[in-house]
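Asks: got a structure for you, letters missing:
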């Protein structure tokens, strides 16, 4: 009876049989191998379906190319092959990744192919949407030209005006980072001292209560009246936004540190300063990081609002400026660049966050 | 270092949060304890066991009376008095190794070879060498308490205060840990004072058992446990001690 139960599943494939052997001999399995071993084995049909889904992005890309190259244009389209080139590069890149992943799979490493299988549906749908968009703009003029430009025109605009765009992007990034860093540093100082000392909190709390509910854009007219340089004013509203977010979060973090940690640290000889720097701050780190993420979102909004309403430079300024010249292609181009920059900035922050909060693995789900 | 810990007329009251009343947690405690002793503190909840440990640790100050170690009054926490809590209170952001080295880090000595060697030795003693780079959340409850024990022993305290250190563990892990703590104590012969809710544990480990009473918290009886280590939980003398202590705590009087 028991022997039957303990015998391995019927007819395991060769690769699986080897895994089972490895597991029995108690040699070290990798995480990947363990997951594979415990998973139900896929049927040949499921495997075929997986492969088809994984190569779907290639079909979508080919479809996009065909749609773009074969159908006639309704509107003028200078340098038409930028979009072609981008699609071609994507096609080659994906094909290469797929081939590489397949090769690794043959060697027993399934990580890459799993990853690709996971992302393939999204890639496919995004590509189909882009194709549809292209069809509705330049091919049929369903969206009115020139208000909604086709993808190639947007790329063309970004390419021709690249010098200005790069300068504007640099301007935006620099101003934002300055404001962000200043806001975070000040926010940490006030937040941590407020969380730790009631006396400081007594004085800072009313300021936070006053500043907190004021939306960022409300500051603009006041800044315009009070400040000689709007650039300085923009810096001010970013700092205020980030400072509020970081102060609130780090104050709550420090104030809610489990008292038992302080007791334990005191017993182990921690001085007053060490209690702050070695216990309160690390314990409040999850809150602090959350505040910094929120502050980053505020900073992104603040810089755009400031640049659109008065600062003479940056992508926010660029977008309003090209609008007044009816350069809709450029408008869309700067939108994409703004998206790209903010994504990059947020990603970077996330990497930092993951690194700093490594210890939380297992603490939270 | 051999030490004498004295409590002279120590009492401690707390102000209640909502009302204007005060609660007397401990009243008129007079005690003398020496290096090499293992004191077990038993009593129902609210009898001031933890308050007494926290007073000795220097985490709180007495309302009246004096606590002295070798004649010197206790003014605050000191690394010569180690403490272990019911919750492990390991710092979740530090690895096992760095948790153990925390006291050395506070003295700015964690990088010295002597400190590293001592951490290695402690890891070996608690049998967690292969977990040195793990974070506390990745360990089981028993392992966490072992690390907490190692962390409180790294600075070689003369007095070790254990506040229900094994209360949150399952009974098998608990019995193992009791022996581990006893072995460490036999090796170093410091003064150990342990709060426990478990009468068996108190008798199994202690050289003396202090039985406490609540409302207000005070020491009611002191019993010398005259048994050789390792003790047999089923021996008649052990059972007799248990009956005696349970009686003092007003349990089991109705059963003949």
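Replies: Looks like it came in fine. Because the structure is predicted, anything quoted here is derived from the model rather than measured.
Asks: How about residue A:219, nearest residue that isn't a chain neighbour?
Replies: residue A:237 (4.6 Å; Cβ to Cβ, 6 or more residues apart in numbering or on different chains). Just so you know, the C-beta spots here come from the backbone N, C-alpha and C atoms, and that holds for glycine as well.
Asks: Surely that neighbour is in a helix?
Replies: Yes. Assignment of residue A:237 by DSSP: H, G, I helix; E, B strand; the rest coil places it within a helix.
Asks: show me the contacts for it.
Replies: Listed by Cβ atoms under 8 Å, 6 or more residues apart in numbering or on different chains, the contact partners of residue A:237 are A:179, A:216, A:219-220, A:223, A:302, A:305-306.
Asks: wait, which of those is closest to residue B:34?
Replies: residue A:179 (63.4 Å; Cβ to Cβ).
Asks: mind listing what's buried in the one helix or strand the closest one maps to?
Replies: According to DSSP states H and E, residue A:179 maps onto helix A:162-196. Neighbour-count burial for helix A:162-196 flags A:165, A:168-169, A:171-173, A:175-176, A:179-180, A:182-184, A:186-188, A:190-196 (criterion: 16 or more other Cβ atoms under 10 Å in any protein chain shown).
Asks: Might you list the low-confidence residue ranges for the chain?
Replies: Went with chain A since none was named. A:1-29, A:228-230, A:362-365 (pLDDT under 70).
Asks: wait, chain B
Replies: B:252-256.
Asks: Filter the contacts of residue A:237 down to the buried ones, ChimeraX style.
Replies: The following ChimeraX line selects those of those that are buried, judged by 16+ other Cβ under 10 Å:
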select /A:179,216,219,220,223,302,305,306
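Asks: Which of the contacts of residue A:237 fall in helices?
Replies: Among those, the residues falling in helices (DSSP state H) are A:179, A:219-220, A:223, A:302, A:305-306.
Asks: now, among those, which is nearest to chain B?
Replies: Nearest to chain B among these: residue A:179, at 28.9 Å, using Cβ to the nearest Cβ.
Asks: who's in contact with that closest one?
Replies: Residue A:179 neighbours (Cβ under 8 Å, 6+ apart): A:234-235, A:237-239, A:242, A:299, A:302-303.
Asks: Identify the farthest-apart pair in those.
Replies: Farthest-apart pair in the contacts of residue A:179 is A:234 and A:242; separation 12.6 Å (Cβ to Cβ).
Asks: Check the secondary structure at residue 33 for me.
Replies: Reading this off chain A. Residue A:33 ends up helix, using three-state DSSP.
Asks: Not quite, go with chain B.
Replies: Going by three-state DSSP: residue B:33 is strand.
Asks: mind checking how far it is from residue B:190?
Replies: Separation of residue B:33 from residue B:190 (Cβ to Cβ, to the nearest Å): 11 Å.
Asks: What of residue A:318?
Replies: From residue A:318 to residue B:190 the distance is 72 Å (Cβ to Cβ).
Asks: what does residue A:169 give?
Replies: From residue A:169 to residue B:190 the distance is 65 Å (Cβ to Cβ).
Asks: With residue B:95 instead?
Replies: Distance from residue B:95 to residue B:190, by Cβ to Cβ: 27 Å.
Asks: quick one: which of the two has more around it?
Replies: residue B:190 (23 against 20; other Cβ atoms under 10 Å in any protein chain shown).
Asks: how about that one, what does it touch?
Replies: B:35-36, B:157-160.
Asks: do that again at 10 Å, thanks
Replies: Residues counted as contacts of residue B:190 (Cβ atoms under 10 Å, 6 or more residues apart in numbering or on different chains) are B:1-3, B:35-38, B:80-82, B:153, B:156-160, B:184.
Asks: Which ones among those residues lie within strands?
Replies: Using DSSP state E, B:38, B:81-82, B:159-160 are the members of those that sit in strands.
Asks: Let me know the distance separating the residue nearest to residue A:219 from residue A:174.
Replies: For residue A:237 relative to residue A:174 (Cβ to Cβ), the value is 16 Å.
Asks: what's the offset of the helix or strand where residue B:192 lies from the middle of its chain?
Replies: Taking DSSP H and E as the criterion, residue B:192 maps to strand B:191-195. Distance, stretch centre to chain centre, for strand B:191-195: 4 Å (Cα atoms, centre = their mean, to the nearest Å).
Asks: That one: partners in the sheet, and parallel or antiparallel?
Replies: Applying DSSP bridges, strand B:191-195 is found paired with strand B:38-42 (parallel), strand B:159-163 (parallel).
Asks: list the buried ones in the last one?
Replies: Spelled out, that is strand B:159-163. B:159-163.
Asks: Which parts of chain B are helices?
Replies: According to DSSP H, the helices that chain B contains are B:49-57, B:96-100, B:102-106, B:113-125, B:141-153, B:171-188, B:199-205, B:236-248.
Asks: Report whether the fourth one contacts chain A.
Replies: No. Using Cβ under 10 Å from any Cβ of the partner chain, helix B:113-125 never reaches chain A; the gap is at least 13.1 Å.
Asks: Now do that helix: which elements does it pack against?
Replies: Packing partners of helix B:113-125 (3 or more Cβ pairs under 10 Å, 6 or more residues apart in numbering or on different chains; DSSP states H and E): helix B:96-100, helix B:102-106, helix B:141-153, helix B:171-188.
Asks: go with 7 Å
Replies: Helix B:113-125 is packed against helix B:96-100, helix B:141-153, with contacts defined by 3 or more Cβ pairs under 7 Å, 6 or more residues apart in numbering or on different chains; DSSP states H and E.
Asks: relative to helix B:171-188, how tilted is the last one?
Replies: Note on geometry: by axes from the mean of the first three to the mean of the last three Cα atoms, to 10 degrees, helix B:141-153 and helix B:171-188 are set 20 degrees apart in direction.
Asks: Would you mind listing what in chain A touches chain B?
Replies: A:260-261, A:263-264, A:266-270, A:274, A:282, A:285, A:359, A:362-363 (Cβ under 7 Å from any Cβ of the partner chain).
Asks: again, 6 Å this time
Replies: By the rule Cβ under 6 Å from any Cβ of the partner chain, the part of chain A lying against chain B is A:260, A:263-264, A:266-270, A:274, A:282, A:359, A:362-363.
Asks: Compare the helices and strands packed on helix B:113-125 and give me the one nearest chain A.
Replies: helix B:141-153 (7.1 Å).
Asks: Please see if the closest one touches chain A.
Replies: No. For helix B:141-153, no contact with chain A is found by Cβ under 6 Å from any Cβ; the gap never falls below 7.1 Å.
Asks: ok, residues contacting that helix?
Replies: The contact list for helix B:141-153 (Cβ atoms under 6 Å, 6 or more residues apart in numbering or on different chains) reads B:82, B:84, B:88, B:90, B:96, B:99-100, B:122, B:126, B:136, B:169, B:173.
Asks: hmm, 8 Å instead?
Replies: A:267-268, B:82-85, B:88-90, B:96, B:99-100, B:102-103, B:122-123, B:125-128, B:131, B:136, B:139, B:160, B:165-166, B:168-170, B:173, B:176-177, B:180-181, B:184, B:188.
Asks: Report the buried members of those residues.
Replies: Here, 16+ other Cβ under 10 Å leaves A:267-268, B:82-85, B:88-90, B:96, B:99-100, B:102-103, B:122-123, B:125-126, B:128, B:131, B:136, B:139, B:160, B:165-166, B:168-169, B:173, B:177, B:180-181, B:184 buried among those.
Asks: got a list of what the residue nearest to residue A:233 when sequence neighbours are not counted touches?
Replies: Leaving aside its chain neighbours, residue A:233 sits nearest to residue A:223 (3.4 Å; criterion: Cβ to Cβ, 6+ apart). Residue A:223 makes contact with A:230, A:233-234, A:236-237, A:310, according to Cβ under 8 Å, 6+ apart.
Asks: how much space between residue A:223 and residue A:240?
Replies: Distance from residue A:223 to residue A:240, by Cβ to Cβ: 10 Å.
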